[in-house]
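K.L.:
Sequence and predicted structure are below.
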Amino acid sequence: MKKNIEHPQENYQAGFHMPENAVFKTRKGLSEEVIRQISAYKKEPKWMLEFRLKAYQIFLKKSLPKWGADLSTIHFDDIYYYLKPTDKQKRNWNDVPTDIKTTFDRLGIPQAEQKYLAGVGAQYESEVVYHNLQKSLEDKGVIFLDTDQALQKHPEIFKKYFSTIVPPGDNMFAALNSAVWSGGSFLYIPKGVHVELPLQAYFRINAQKMGQFERTLIIAEEGASVHYVEGCTAPTYSSESLHSAVVEIIVKPTARVRYTTIQNWAKNVYNLVTKRAVAYENAIMEWHDGNLGSKITMKYPSVYLLGDGARAEILSLAFAGGGQHQDAGGKVIHVAPNTSSRIISKSISKAGGRTSYRGLLEVQPGAKNVKSRVVCDALILDHASRSDTYPTMKIQEPSTHIEHEASVSKISEEQLFYLQSRGFTEDEARGMIVNGFFAPIVKELPMEYAVEMNRLINMEMEGSIG
Amino acid sequence: MEKSIFYQPTHPKEEIIVTNDQTFVLFGNDLPNEQEIIFRLVKRGVKLNLLGFEARTEGEKILRIRLRHEAKDTVSRFDFRSLLQGNAQSTLYGMIAIEASAPGADAHFSHRTILLAGKAGESEPRVQTVPGLEIKADEVKAGHAATVGTIDAGDIYYLNSRGIADHAALKLLLEGFLQEKFLEIERNMQHKKNMRMIQNIIDSSIISFSL
């Protein structure tokens, strides 16, 4: 990767403008000037600009990881690093690819929502509903805003937690995100507050919905609980090819956070995400991760169990079709005693796709009485596809109970035969078996997602060979 | 014809081509601090049985094993048991690679570790297990398993309640753990010599184990 990123010679925009209602877009490529433009346009405090610039210097020194998926085809200087939200909605319904429209129909998504997902509609119609939801949250003291707005409106809380879990030096893409982040969710739940309804990015009004470099920060105070849902099963069309988000979560004693992601990016997208949470005494952190789309995904949600009795659960689902590589998994680091964790990973590769599970289970000295179970199951549907598992267990404390198992196989002929003998076609039988395979994870999703997921899987299984 | 072999590598990085059914036994204590062995199953239908164990109270060892299935219907089983106490540290890489030329392969790797705590203030043993699967064929069965645990007061108590004293109880449990797969091997002179060595290690670990 080039260390000195140069300005391409474009006549597109000479210098930057700050007019009230005009289109704003930085030049292609990354440089200190671009970062200053971004920060100035957002009217950020000085400390954030300095943070971004320092992160950029770190990014220049980092190199691509020598493991994982093949990232050599990312062209860092061929990307726009900032795009004002309203620009994205200039898409025409006629320009949306046919196969995406067909998928929307098959998944049973309402017409208005289809336009919204394709970036065509100005805003989803039910604004009134959102305003009411926002009010009920505010009454409880919950802060749920776009990360940009949170920086402006709640600077003290923001500065206290921002980048404390994922520092810019963590890895190359965390450094990149730290330099050019924009959008994402900021969620703060005060002590003892339970948010019953799963919160979604939809509910942030007037915000960039699916940004390239989102930065999400969630803080659950003592005894609080929340379920946050990101993404959707419908294919997410994107002209930008690099998506590199960072999610930081702090779960304080006896609090509970569940973070569900369903990602179905179009097949031109590189999805490289750093997700990390810390859990304190008797807290519970759950990552539910569904990876269906993108050309390459590299994502390993992790939990550091820092307090006695804390618990982590990571459920990871991955589906790779032709031309896709899902390199996902999870990491749990047991620092405190009496902590427990469970990782369940289910993946399917077909038509030349590749799924890789990559995980770490670490028990540090002094973390007595830890119990952990890791289960990775993979189905590989034809001889063109590939499945890998790369787990690491690093145990430095004797009084532990660790179990790990993994298996790779294809769909059992007997099971197929049994279902066909009951009158199902081969495709229907495969769909049922695959849905059953994923069931332990899908049943944890909010209902609408689970229903869409099942339909999506049935679609994917149609006409599959082998 | 299966033939049992107690295998002592002569070079820190070795490649073994397997063309007929074989059993190998690796004794971790006798291996160098860093050892790598690649087993290539190149003949159709061949079966490889690989057993290994170690019982150590000191030393840091790294063992890298790769089982490469290159022909159809090949079968591999790799079972390794680690018993560690004191400053002993162990790292085991067990990669199962099934190439596209090996449909019908059946492979399994299992690593079981018992870490025995020392007295308070003494150093603790450590283990790092890195199993792996790289599967490029579809008609396969491949899996791996790893467990790490300890022997705690509850396990000893069960045997106490059957009239077996603490030291004898611990010895039974540790012997059983190490010997389980080992007893399947054909007996020979070398085998007896190593059995005595293991017996000695187990005996001394009983003294240092405190509940």
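P.N.:
Yes, it's here.
K.L.:
what bits of chain A have low per-residue confidence?
P.N.:
For chain A, the stretches with pLDDT under 70 are A:1-25, A:83-93, A:95-97, A:99-100, A:103-104, A:106-132, A:202-211, A:232-240, A:463-466.
K.L.:
go with 50
P.N.:
Chain A contains residues with pLDDT under 50 at A:1-23, A:86-90, A:120-126, A:205-209, A:464-466.
K.L.:
Which positions in it make contact with chain B?
P.N.:
Proximity of chain A to chain B (C-beta under 8 Å from any C-beta of the partner chain) is limited to residues A:365, A:378, A:380-383, A:385-410, A:466. To be clear about C-beta, it is placed using only N, CA and C from the backbone, and glycine gets the same treatment.
K.L.:
Just the buried residues from these, in PyMOL please.
P.N.:
To isolate the buried subset of the residues of chain A next to chain B in PyMOL, counting by 16 or more other C-beta atoms under 10 Å in any protein chain shown, use the following:
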select buried, chain A and resi 378+380+381+382+383+385+386+387+388+389+390+391+392+393+394+395+396+397+398+399+400+402+403+404+405+406+407+408+409+410
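K.L.:
Contacts for stretch B:100-108, please.
P.N.:
With contacts defined as C-beta atoms under 8 Å, 6 or more residues apart in numbering or on different chains, stretch B:100-108 is touched by A:383, B:41, B:67, B:69-78, B:96, B:98, B:136-145.
K.L.:
Quick check: mean pLDDT of it?
P.N.:
For stretch B:100-108, the mean per-residue pLDDT is 94.
K.L.:
Now do the end-to-end distance for it.
P.N.:
Between the start and the finish of stretch B:100-108 there is a gap of 18 Å, counting by C-alpha to C-alpha, to the nearest Å.
K.L.:
Show me which positions of it end up buried.
P.N.:
So for stretch B:100-108, counting by 16+ other C-beta under 10 Å, buried means B:102-108.
K.L.:
Could I get the full set of helices for chain B?
P.N.:
B:153-160, B:166-182, B:189-208 (DSSP state H).
K.L.:
where among these is the average confidence lowest?
P.N.:
Minimum mean pLDDT among those: helix B:189-208, a mean of 60.
K.L.:
Just list whatever residues bridge to the residue nearest the centre of chain B.
P.N.:
When chain B is reduced to its mean C-alpha position, the nearest residue by C-alpha atoms, centre = their mean turns out to be B:Phe80, at 1.5 Å. Beta-bridge pairing for B:Phe80 (DSSP bridges): B:Gly52, B:His111.
K.L.:
Let's see the pLDDT reported for it.
P.N.:
95.
K.L.:
Confirm for me that it is in contact with B:Leu31.
P.N.:
No: under the criterion of C-beta atoms under 8 Å, B:Phe80 makes no contact with B:Leu31, lying 11.4 Å away.
K.L.:
and for these two, which residues touch both?
P.N.:
B:Leu63.
K.L.:
Hmm, A:Lys275 and A:Pro301 touching each other?
P.N.:
Yes: counting by C-beta under 8 Å, A:Lys275 is a contact partner of A:Pro301 at 4.1 Å.
K.L.:
between those two, which one's more packed in?
P.N.:
A:Pro301 (28 against 24; other C-beta atoms under 10 Å in any protein chain shown).
K.L.:
Return the residues in contact with the more buried one.
P.N.:
Under the criterion of C-beta under 8 Å, 6+ apart, the neighbours of A:Pro301 are A:247, A:259, A:275-277, A:287, A:289, A:314, A:316, A:330-331.
K.L.:
how far away is it from A:Lys295?
P.N.:
Counting by C-beta to C-beta, to the nearest Å, the gap from A:Pro301 to A:Lys295 is 20 Å.
K.L.:
mind checking the SS state of A:Ile165?
P.N.:
coil (DSSP: H, G, I helix; E, B strand; the rest coil).
K.L.:
That one is in contact with A:Glu248, isn't it?
P.N.:
Yes: using C-beta under 8 Å, A:Ile165 is in contact with A:Glu248, at 3.8 Å.
K.L.:
list residues touching both of those two?
P.N.:
With C-beta under 8 Å, 6+ apart, A:Ile165 and A:Glu248 have common neighbours A:276-277.
K.L.:
What about residue 57, how many residues nearby?
P.N.:
As the question left the chain open, I've gone with chain A. 12.
K.L.:
oops, I was thinking of chain B
P.N.:
There are 17 residues near B:Thr57, going by other C-beta under 10 Å.
K.L.:
which residues are common contacts for A:Pro301 and A:Lys275?
P.N.:
A:247, A:259, A:287.
K.L.:
ok, which pair from the buried residues of stretch B:100-108 is furthest apart?
P.N.:
B:Pro103 and B:His108 (16.9 Å; C-beta to C-beta).
K.L.:
what does chain B have sitting close to chain A?
P.N.:
Residues of chain B lying near chain A (C-beta under 8 Å from any C-beta): B:100, B:103, B:113, B:115-117, B:124-150, B:152.
K.L.:
Among those residues, which ones are in strands?
P.N.:
Among these, the ones falling in strands (DSSP state E) are B:113, B:115-116, B:126-135, B:141-149.
K.L.:
ok, of those residues, which come out buried?
P.N.:
By 16+ other C-beta under 10 Å, these give B:113, B:115-116, B:126-135, B:142-149 as buried.
K.L.:
rewinding a little: please check the contacts of stretch B:100-108 and keep the buried ones.
P.N.:
If we count by 16+ other C-beta under 10 Å, the contacts of stretch B:100-108 have these buried: A:383, B:41, B:67, B:69-71, B:73-78, B:96, B:98, B:136-140, B:142-145.
K.L.:
how about B:Tyr93, what does it touch?
P.N.:
B:62-66, B:130-132.
K.L.:
closest to A:Ile143 among these?
P.N.:
B:Val130 (42.0 Å).
K.L.:
does the closest one really touch B:Leu92, like I thought?
P.N.:
Yes: counting by C-beta under 8 Å, B:Leu92 is a contact partner of B:Val130 at 7.0 Å.
K.L.:
so A:Glu414 is in which element?
P.N.:
helix A:413-421 (DSSP states H and E).
K.L.:
Could I get the buried residue list for that helix?
P.N.:
A:416, A:419.
K.L.:
Over to stretch A:430-445?
P.N.:
A:430-435, A:437-438, A:441-442, A:444-445.
K.L.:
cool, and stretch B:52-67?
P.N.:
For stretch B:52-67, by 16+ other C-beta under 10 Å, it's B:52-57, B:61-67.
K.L.:
dump the residue contacts of A:Ala336.
P.N.:
A:Ala336 touches A:281, A:305-310, A:367, counting by C-beta under 8 Å, 6+ apart.
K.L.:
top of the residues you listed by neighbour count?
P.N.:
Ranking the contacts of A:Ala336 using other C-beta under 10 Å puts A:Leu305 first, with 32 neighbours.
K.L.:
The closest residue to that residue other than its chain neighbours and A:Gly192, how far apart?
P.N.:
Among residues not flanking A:Leu305 along the chain, A:Thr339 sits closest, at 4.0 Å (C-beta to C-beta, 6 or more residues apart in numbering or on different chains). Between A:Thr339 and A:Gly192 the distance is 23 Å, computed by C-beta to C-beta.
K.L.:
Comparing those two, which residue is more hemmed in?
P.N.:
A:Thr339 (30 against 14).
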